[in-house]
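In: Okay, sequence plus prediction incoming.
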Amino acid sequence: QVQLEESGGGLVQHGGSLRLSCAASGRTVGISALGWFRQAPGKEREIVAAITWSGETQFVAASVRDRFTISRDNNKNVVYLQLNSLKQEDTAVYYCASQKRGNYTIVTVLAGYEYWGPGTQVTVSS
């Protein structure tokens, strides 16, 4: 199994920034990609960004592409999501997930992910 732990969430003002971290442990060998998802109250969970385990290929959702970036520390099993110019509509619980083994390209649907972290709350105030 893979254990995922998110951190870095919090309360931030409109226009502010946060950096979320996702630490992976356990059976990390064979992970093909990690993704960041978010779920706002009353809304479905949606993908925000994803990165292959090598860090070579990245995906960022069009709705946040000009403000969010994803990266990976190759010396650690940690993936980061940098959130800039935050808006109130970015308020959500942010989840990290590991892509199902066997997919060597980034998958952008929830069903393509098998292990999930507990999530970290991001709240953007006006």
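Out: That came through fine.
In: which residue is nearest the middle of the chain?
Out: Trp36 (1.9 Å; C-alpha atoms, centre = their mean).
In: right, and it touches Cys96 too?
Out: Yes: judged on C-beta atoms under 8 Å, Trp36 makes contact with Cys96 at a distance of 5.9 Å. Every C-beta, even on glycine, is put in place using the N, C-alpha and C of the backbone.
In: any idea which element the residue nearest to the centre of the chain lies in?
Out: Element membership for Trp36 (DSSP states H and E) is strand 33-39.
In: and the next element down the chain from that strand?
Out: strand 46-52.
In: Go through that next one and flag the buried ones.
Out: Ile47, Val48, Ala49, Ala50, Ile51, Thr52 (16 or more other C-beta atoms under 10 Å).
In: Following that strand in sequence, what is the next regular element?
Out: Immediately after strand 46-52, counting by DSSP H and E, sits strand 58-60.
In: what does that next one contact?
Out: Ile47, Val48, Ala49, Ala50, Ile51, Thr52, Phe68, Thr69, Ile70, Ser71, Ile106, Thr108 (C-beta atoms under 8 Å, 6 or more residues apart in numbering).
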